[in-house]
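Enquirer: Following is a predicted model, sequence given first.
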Amino acid sequence: MSINPRIDRNTPVIVQGITGRAGQMHSRLMMHYGTRIVGGVSPGAKVGEVNGVPVFAHCADAVATTGARASVLLVGAMQLLEAMQDAVAAGVRYLVTPTEGMPVHDALKAWKLCRDTGTVWIGGSTPGMAIPGEVKLGFLPDDSLKPGTLGLMSKSGTLSYEAGFRLALRGVGTSVWIGVGGDPVKGTRFADLVPFYAGDANTAALLIIGEIGGSEEEEFAKALIENKFGKPAFALIAGRSAPEGVTMGHAGALVHGSHGTYAAKRAALEAAGVQVFGSLNEMVAGVSARLPQEFPKSLPSIKQL
């Protein structure tokens with residue numbers, strides 16, 4: 001399946017779960033950033049509007065009225081599969097699911113549903129995605145979203161926020177930011193997006209922020225080779241000092257013996273031509289040295305924070 005995550009400020013977006021506290025807050029913040037939120041969905045809700053947009057009982061009604069093409073699903077883990085099915089049945093083909101803890105069996109069903117229908121699914125357990133300066137879906141912090149030419153994919157939300165902010169201090173912005181999430185079963189993995197970033201004219205280089213456990217970074221390295229990725233590629237891998245046999249932060253960050261270790265991931269990435277950094281500070285200095293400054297430094301320095 002070819003995955004193209006690029007949308008823009010004209011893309012009509014609905015928020016499923018908009019009447020909840022998170023839905024109300026993050027729909028407002030997304031709208032403030034420039035995202036075109038055209039409606040919300042909340043089964044059984046008796047609310048006519050939230051943040052100035054209409055609320056519908058079902059996605060089919062929302063899509064028929066607003067023409068929505070993307071959805072941010074801010075619903076509980078046990079309701080997530082049903083909400084995704086509702087969206088896909090209504091014709092929505094771009095889903096972002098920040099919810100943590102989606103049952104694995106539900107995630108497998110969701111994965112098949114999205115593959116069978118050609119639906120882009122970013123998540124679960126993702127902070128979202130963004131085209132900086134255009135649109136964001138989820139809860140990425142605005143201060144980290146500066147437009148530029150560095151593609152960014154990350155398993156970790158908080159580490160990617162800090163990385164994006166510090167790179168912005170150096171004048172390095174991002175083109176397409178994808179939080180792939182840390183669950184073992186999810187809609188989009190690093191390797192899935194390599195063909196997109198390879199062909200994207202607005203992306204000059206690519207950074208992944210990974211972590212120990214699983215095989216996603218090794219799959220990414222293989223995809224770089226198979227796609228003859230000719231752009232600079234960088235990586236930061238979290239969890240170098242974590243003990244074996246434990247889950248570090250995410251459900252997918254589990255190391256079994258030598259499988260999924262920091263050393264194995266670094267070796268695979270470096271064999272594919274990726275520059276792997278040992279720390280956040282090293283990564284920020286290294287990437288900013290390789291890429292030109294793209295805008296005036298307008299953010300406060302780290303010392304001022």
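Expert: It's in.
Enquirer: Helix or strand: which one has residue 32?
Expert: If you go by DSSP states H and E, residue 32 is part of helix 21-33.
Enquirer: Point me to the residue sitting closest to the centre of the protein.
Expert: When Cα atoms, centre = their mean is applied to the chain, the residue found nearest the centroid is residue 179 (2.0 Å).
Enquirer: so what's that one bridging to?
Expert: Residue 179 has these beta-bridge partners by DSSP bridges: residue 154.
Enquirer: Then residue 234?
Expert: Beta bridges link residue 234 to residue 207, residue 275, judged by DSSP bridges.
Enquirer: Report how many residues lie close to it.
Expert: Residues lying near residue 234 (other Cβ atoms under 10 Å) number 21. Just so you know, the C-beta spots here come from the backbone N, C-alpha and C atoms, and that holds for glycine as well.
Enquirer: Please look at it and residue 206 and confirm they touch.
Expert: Yes: using Cβ atoms under 8 Å, residue 234 is in contact with residue 206, at 7.1 Å.
Enquirer: Identify the residues contacting residue 81.
Expert: Residues in contact with residue 81 (Cβ atoms under 8 Å, 6 or more residues apart in numbering) are 102-103, 106-107, 109-110.
Enquirer: how about 6 Å then?
Expert: Residues in contact with residue 81 (Cβ atoms under 6 Å, 6 or more residues apart in numbering) are 106, 110.
Enquirer: buried stuff in the helix or strand harbouring it?
Expert: Counting by DSSP H and E, the element that carries residue 81 is helix 80-89. Judged by neighbour count using 16 or more other Cβ atoms under 10 Å, the buried positions of helix 80-89 are 80-81, 83-84, 86-88.
Enquirer: so the residue nearest to the centre of the chain touches residue 127, yeah?
Expert: Yes: with contact defined as Cβ atoms under 6 Å, residue 179 and residue 127 form a contacting pair (4.3 Å).
Enquirer: Spit out the residues that contact these two alike.
Expert: With contacts defined as Cβ under 6 Å, 6+ apart, the residues adjacent to both residue 179 and residue 127 are residue 157.
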